[in-house]
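fold the following, please.
(2 chains)
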Amino acid sequence: MNQAFASYLKRNYHYYLLLLLPMLYFAIFRYGPIFGNMLAFRKYVPGGPAYGTEWVGLRYFRMFLEDPNFWVAFKNTIILSVFNLSITFPLPIIFALLINEILSSRVKRFIQIVSYFPNFISIVVVVGLIKELLSPSNGIINHLLGMMGIDPIFFTNQPEWFRTIYIGSDIWQYMGWNAVIFVAALASVDSQLYEASELDGAGRWKQTLHVTIPQILPTISVVFIISLGSLLSLGFEKVLLLYTASNSSTSDIIETFVFRMGLENNNYSYATAAGLFGGIIGFTLVSVANTISRKISGVSLY
Amino acid sequence: MLYRKTRGFRLFMVFNFCILTLVMLAIGFPFLHLLAVSFSESAAILGGKVTVYPIGFTIDAYLRIFDHPSIMQGFKNSLIQTVLGTSISLFMTTICAYPLSKKFLKGRKAFILIIMFTMFFSGGLIPTYLVVKSIGLIDTIWAVVLPFCITPYYLLLMMTFFQGIPESLEEAAMVDGLNPLQILFKIVIPLSKPVMAAITMFLMVYYWNNWFNSMIYLNSSKMHPVMMIVRNIVAGADLASMGSGIGQNDINTLSSASLKSAVIMVTMIPVLIVFPFAQKHFAKGVMLGAVKG
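Down below sits the predicted model:
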């Protein structure tokens, strides 16, 4: 037995050698922070160790749970996530169905390439575009409104516009890219199914309902579980860039709250506790979404 | 096909054409508008005359950028971060994916579980910051290129690809006396160009576009990439304070909107250059992932 293992190692030690550096990476940069979350239960002293100095139990949790600003951020996270998912999830499917009806494959390709280009643009640039277009002094949108006799609106500063801007720019940036997978699924639908349904007298609309959609349903459900699992992981960087003191009543989400408390005010333990709370809710969502989908459709991520 | 002749279908095709044209316009408009603004004179911009073509054509804004020491320094920093980050990430992902693609490897499942867990539960912003800080990486380029160098998703992509390489090739090399390291670098990597290209493109775009890590880990603005400069512009830091390149006179003659737009345009050039070559790889990368689910 031992000898067999020794000869196994002798033959295969190179593989473990290769894994050494990556595993060191995971230990330091991925598991280091995971264990670093214990800071949520410990007191941090500036200049002291990263894991804190003494246990304080749930003190920091109690602190943020009593903080009304945290609950505003919590509520905003939930509202923005749910709105965002329910709008940005179906659109790429509809977009893919429309692209699929184009007969010329060259036009199809052109539309796809143009539509997924914004996916590769930096979030900073996207927010730059938003602020330029919506600028109250020289933005083109406000000029158009001005021509219709409407006073300039400071869109990026008003809380009631934040969600529209966030979701609208998400659609603009990601719809084309998110449609790629559905376009591929549509392309792989067996053409015999269409021919058969046509003999049965089905028109294009009926084909879409009874052939196309059932055929891509597995893809839709896998993508849906993934989106549901990452429901609460909003585009933190975009929110941070769009966040201003005046629109904070809708734009402050858990992650920006953590960012401000931690990196701007240096309340490391407090911010870690709030971040951990958000992380656990997110992780629970993934597990629940996964369990439900495994029970219902047999599809699961892990 | 019969349905194509019906009136309803023709009506739908017209409707579809209109919708898709609108979508294309909505996607393209911000780029065209900003491009037009960047080439326009300030009076026209402030007067709201610029739509999708320049008015009072001028390349002043672009000349300002190339005269601007901190923007040029930013481009240099971006380039360094992108090259270093992409190289390290690609190397680490490859040496991690190859052993894990071997089904006979003892402990493989445990390693994969360890890695997969980090996909669903990450340490969070503050603990990651404190780890980077406590090992002394703050204000070094390593803080930007190391903490996220292996992305589990790309790792899975590469693993799946390696598993598709015929085993007979590697067995033949083994018979010739090559060890697994030599097999990886001499046989497997040359055979994996498609997945390598796709992941390289994704990584390059990630590092080029990233600004957040530079913001939190690099205090010295001398080390900041160009996206950080864009961030400062976006965040409303006024252009006059950005450096010595712009004086009061310039602000009078050059609308800040055109300078902002020009900076944004220039930062997109690398992505625009890579994109036509890369777009088939991008799509392939998504497909590869989709196969595995």
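
and A:Ile140, how many neighbours?
Using other CB atoms under 10 Å in any protein chain shown, A:Ile140 has 22 other residues around it. For glycine as for every other residue, the C-beta is placed from the backbone atoms N, C-alpha and C.

surely it meets A:Leu129?
No: if you go by CB atoms under 8 Å, A:Ile140 and A:Leu129 don't touch, sitting 11.2 Å apart.

pLDDT weak spots in the chain?
I'll assume chain A. A:1, A:297-302 (pLDDT under 70).

the intended chain is chain B.
Using pLDDT under 70, the flagged stretches of chain B are B:1-5, B:236-255, B:278-293.

domains in it, as residue ranges please.
Here chain B is described, according to automatic domain parsing, as comprising the domains B:2-11+B:15-46, B:66-292.

out of those domains, which gets nearest to chain A?
Between chain A and those, the shortest gap by CB to the nearest CB is with domain B:66-292, which sits at 2.2 Å.

so how far is the closest one from its chain's centroid?
With CA atoms, centre = their mean, to the nearest Å as the basis, domain B:66-292 stands 7 Å off its chain's centre.

got it, and stretch A:19-32?
25 Å.

got a list of contacts for that stretch?
B:92, B:95-96, B:99-100, B:111, B:114-115, B:118, B:122-123, B:127-128, B:131-132, B:135, B:146-150 (CB atoms under 8 Å, 6 or more residues apart in numbering or on different chains).

which of those are buried?
Buried subset of the contacts of stretch A:19-32 (neighbour count, 16 or more other CB atoms under 10 Å in any protein chain shown): B:92, B:95-96, B:99-100, B:111, B:115, B:118, B:122-123, B:127-128, B:131-132, B:146-150.

out of the residues you listed, who's near chain A?
Among the buried ones among the contacts of stretch A:19-32, proximity to chain A is found for B:92, B:95-96, B:99-100, B:111, B:115, B:118, B:122-123, B:127-128, B:131-132, B:146-150 (CB under 8 Å from any CB of the partner chain).

returning to what we had before: mind checking which of the buried ones among the contacts of stretch A:19-32 are in helices?
Taking DSSP state H, the ones among the buried ones among the contacts of stretch A:19-32 that sit in helices are B:92, B:95-96, B:99-100, B:111, B:115, B:118, B:127-128, B:131-132.

quick one: contacts for B:Gly8?
Contacts for B:Gly8 (CB under 8 Å, 6+ apart) come out as A:203, A:205.

surely it is in a strand?
No: counting by DSSP: H, G, I helix; E, B strand; the rest coil, B:Gly8 is not part of a strand but helix.

how close does it get to A:Gln207?
13 Å (CB to CB, to the nearest Å).

ok, now A:Asn247?
From A:Asn247 to A:Gln207 the distance is 46 Å (CB to CB).

now do A:Gln215
A:Gln215 is 10 Å from A:Gln207, by CB to CB.

could you check which of those two is surrounded by more residues?
Per other CB under 10 Å, whichever of A:Gln215 and A:Gln207 has more neighbours is A:Gln207, with 19 against 16.

chain neighbours aside, what residue packs nearest to that one?
Spatial nearest neighbour of A:Gln207, chain neighbours left out: A:Ser197 (5.3 Å); criterion: CB to CB, 6 or more residues apart in numbering or on different chains.

one more: B:Leu32?
In space, B:Leu32 comes closest to B:Val52 once its chain neighbours are excluded; the distance is 4.3 Å by CB to CB, 6+ apart.

I'd like to know how many residues surround the one you found.
15.

let's verify it: helix, strand, or coil?
coil.

likewise the one 5 residues further on?
Classification of B:Phe57 into helix, strand or coil gives coil, according to three-state DSSP.

ok, it touching B:Ser38?
No: using CB under 8 Å, B:Phe57 is not in contact with B:Ser38, being 10.8 Å away.

buried set for the helix or strand harbouring A:Phe5?
Per DSSP states H and E, A:Phe5 falls inside helix A:2-25. Using 16+ other CB under 10 Å as the test for burial, helix A:2-25 gives A:12, A:14-15, A:18-19, A:22-23, A:25.

distance of A:Gly128 from chain B?
To chain B, A:Gly128 is 5 Å away according to CB to the nearest CB, to the nearest Å.

ok, stretch A:79-89 near chain B or not?
No: using CB under 8 Å from any CB, we find that stretch A:79-89 stays clear of chain B, coming within 14.3 Å at best.

quick one: distance of that stretch to the chain centre.
Worked out by CA atoms, centre = their mean, stretch A:79-89 lies 10 Å from the chain centre.

put the alpha carbons of that stretch into CSV.
This file holds the C-alpha atoms of stretch A:79-89, laid out as CSV (Å, rounded to 0.1, in the frame of the first residue of the first chain):
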residue,chain,number,x,y,z
ILE,A,79,-35.3,46.9,-4.0
LEU,A,80,-32.6,47.6,-6.6
SER,A,81,-31.7,43.9,-6.9
VAL,A,82,-35.2,42.7,-7.4
PHE,A,83,-36.1,45.5,-9.9
ASN,A,84,-32.8,44.9,-11.7
LEU,A,85,-33.3,41.2,-12.0
SER,A,86,-36.9,41.3,-13.1
ILE,A,87,-36.0,43.8,-15.8
THR,A,88,-32.6,42.7,-17.0
PHE,A,89,-33.3,39.0,-17.0
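
might you report the residue contacts of whichever residue of chain A sits closest to chain B?
Of all residues in chain A, the one sitting closest to chain B is A:Pro33 (2.2 Å; CB to the nearest CB). The contact partners of A:Pro33, by CB under 8 Å, 6+ apart, come to B:122-124, B:127-128, B:130-131.

burial check on the residue nearest to A:Gln207, number of neighbours?
By other CB under 10 Å, the residues close to A:Ser197 number 16.

likewise the one 5 residues further on?
For A:Ala202, the neighbour count with other CB under 10 Å is 17.

sorry, back to before: from the middle of its chain, how far away would the strand or helix carrying the residue nearest to A:Gln207 be?
Element membership of A:Ser197 [criterion: DSSP H and E] is helix A:191-199. In terms of CA atoms, centre = their mean, the centre of helix A:191-199 is set 38 Å apart from its chain centre.

what's the following helix or strand after it?
helix A:204-207.

residues touching that following helix, excluding its own?
Everything outside helix A:204-207 that qualifies as a contact, by CB under 8 Å, 6+ apart, is A:101, A:194, A:197-198, B:3, B:8-9, B:12.

name the residues of whatever helix or strand comes next after that helix that are buried.
Downstream of helix A:204-207, the first helix or strand assigned by DSSP H and E is helix A:213-229. For helix A:213-229, a neighbour-count test (16+ other CB under 10 Å) marks A:215-216, A:219-220, A:222-225, A:228-229 as buried.

try stretch B:58-65
By neighbour count with 16+ other CB under 10 Å, stretch B:58-65 contains the buried residues B:58, B:60-62, B:64-65.

next: stretch A:108-126.
Judged by neighbour count (16+ other CB under 10 Å), stretch A:108-126 contains these buried residues: A:108, A:111-113, A:115-118, A:120-126.

with stretch A:271-291 instead?
Buried, per 16+ other CB under 10 Å, within stretch A:271-291: A:271-279, A:282-283, A:285-286, A:289-290.

what's the answer for stretch A:73-84, then?
The neighbour-count check on stretch A:73-84 (16+ other CB under 10 Å) flags A:73-74, A:76-77, A:80-81, A:84 as buried.

same question, stretch B:258-278
By 16+ other CB under 10 Å, the buried positions in stretch B:258-278 come out as B:258-268, B:270-271, B:274-275, B:278.

quick one: stretch A:98-107 to chain centroid distance?
Chain-centre distance of stretch A:98-107: 29 Å, with CA atoms, centre = their mean.

in helices only, show me the buried residues of stretch A:108-126.
Of the buried residues of stretch A:108-126, the ones assigned to helices by DSSP H are A:108, A:111-113, A:115-116, A:123-126.

how about the residues you listed, which pair is most distant?
A:Lys108 and A:Val124 (31.3 Å; CB to CB).
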